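Asker: Sequence and predicted structure below; questions after.
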Amino acid sequence: MSDAIVIIPTYNEIENIESIIKAVFSQEKRFHVLVVDDNSPDNTAKCVKKLQEEFNDQLFLLERQEKSGLGTAYISGFEWALKKSYQYIFEMDADFSHNPDDLVRLYKACASGGADLSVGSRYVKGITVVNWPMSRIILSYGASRYVRLITRMKVKDSTAGFVCYKRKVLEDINLKKIRFVGYAFQIEMKFKAYKKGFNITEIPVIFKDRTKGKSKMSGSIISEAIFGVISLKIISLFAK
């Protein structure tokens, strides 16, 4: 048994899924993995099922009927994990942009370092991003600065998707009221934790752009983040 589970959402990640799962299981700490697959046409789920024969007590699969957005995939994964006894629940991408070797550092920040939520941050020590075009770096870094300005959160990488939550954080946040599905989902989760007074710690990581598979980034995801932040702030003011 493990006290920690890594949730990996997938849609057409057949090129990465086996390698990322085995990389997580190779860590010095024992992690479990939950893959949340949105009915990938490339048979990602079928690959996971085959791997379950080898890792039957560590690897789990939650299949959804359609592609419904990153945020709803994570919410489904959180709800699944909270029905079990896991004390530390992670978000991580399937494409190796998040290095599995950093999982233990995020875990230790929460398990023994006093954090309620640890974030694998691209911007806590300058800008640690590899293989991104300058336009995307400017967009991402600018978005994080924008979020800090509007929300007053001190988190430098609010759109980061490499996160470890203590169980109590997800239990205290009303997951059914999370509104957003893309970048804004990551911002909303951190903002809700911040407003509830949880300790958010940023751990510097090196973020590498995917080398296999296709990015899920879109204009609608970016616009959701830009306009969603303002609505989050306004709603929080009326909630006082």
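Answerer: Sure, I can see it. Numbers count the residues shown, from 1 in each chain.
Asker: what comes up buried for the helix or strand containing Val169?
Answerer: Element membership of Val169 [criterion: DSSP states H and E] is helix 167-172. In terms of neighbour count (16 or more other C-beta atoms under 10 Å), helix 167-172 has its buried residues at Arg167, Val169, Leu170. Yep, even glycine has a C-beta here, placed from its N, CA and C like the rest.
Asker: hmm, who's touching it?
Answerer: Taking contacts as C-beta atoms under 8 Å, 6 or more residues apart in numbering, the residues outside helix 167-172 that touch it are Phe78, Ala81, Leu82, Tyr86, Gln87, Tyr88, Ile89, Asp116, Leu117, Ala193, Lys196, Phe198.
Asker: Please enumerate the strands of this protein.
Answerer: Counting by DSSP state E, residue ranges of the strands within the chain are 4-10, 32-37, 59-63, 88-91, 117-121, 129-130, 163-166, 200-204, 207-208.
Asker: got those strands as a markdown table, with distance to Tyr183 and mean neighbour count columns?
Answerer: Output for those, formatted as a markdown table (distance: least, C-beta to C-beta, whole Å; neighbours: other C-beta atoms under 10 Å):
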| stretch | distance to Tyr183 | mean neighbour count |
| --- | --- | --- |
| strand 4-10 | 14 | 25 |
| strand 32-37 | 18 | 24 |
| strand 59-63 | 22 | 18 |
| strand 88-91 | 13 | 25 |
| strand 117-121 | 14 | 26 |
| strand 129-130 | 15 | 14 |
| strand 163-166 | 13 | 26 |
| strand 200-204 | 17 | 19 |
| strand 207-208 | 14 | 20 |
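Asker: weakest of those in terms of mean pLDDT?
Answerer: The stretch with the lowest mean pLDDT among the strands of the chain is strand 129-130, at a mean of 80.
Asker: what sits against the nearest residue to Phe185 once chain neighbours are set aside?
Answerer: Setting aside the residues directly before and after it, Phe185 is nearest to Gly71 in space (C-beta to C-beta, 6 or more residues apart in numbering), at 3.2 Å. If you count contacts by C-beta under 8 Å, 6+ apart, Gly71 has them with Ile178, Phe180, Val181, Gly182, Ala184, Phe185, Glu188.
Asker: Lowest-confidence member of the residues you listed, which is it?
Answerer: For pLDDT, the smallest value among these belongs to Gly182: 73.
Asker: Any chance of the backbone angles for that one?
Answerer: Per-residue torsions, Gly182: phi -110, psi -130 (degrees, to the nearest 10).
Asker: now it: how far from Gly71?
Answerer: Distance, Gly182 to Gly71, by C-beta to C-beta, to the nearest Å: 7 Å.
Asker: Then Lys84?
Answerer: 21 Å.
Asker: Also Ala81?
Answerer: Applying C-beta to C-beta, one obtains 16 Å for the distance of Ala81 from Gly71.
Asker: buried ones in stretch 74-85?
Answerer: Tyr74, Ile75, Ser76, Gly77, Phe78, Trp80, Ala81.
Asker: Could you dump those into JSON lines and include distance to Ile206?
Answerer: Rendered in JSON lines, the data for these read as follows (distance: C-beta to C-beta, whole Å):
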{"residue": "Tyr74", "distance to Ile206": "23"}
{"residue": "Ile75", "distance to Ile206": "28"}
{"residue": "Ser76", "distance to Ile206": "29"}
{"residue": "Gly77", "distance to Ile206": "25"}
{"residue": "Phe78", "distance to Ile206": "26"}
{"residue": "Trp80", "distance to Ile206": "30"}
{"residue": "Ala81", "distance to Ile206": "27"}
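Asker: Closest to His98 out of these?
Answerer: Within the buried residues of stretch 74-85, proximity to His98 (C-beta to C-beta) peaks at Tyr74, which comes in at 13.7 Å.
Asker: Surely Asn43 and Glu13 touch.
Answerer: No - when contacts are counted by C-beta atoms under 8 Å, Asn43 is not listed as touching Glu13 (10.4 Å).
Asker: Kind regards, and thank you for your time.
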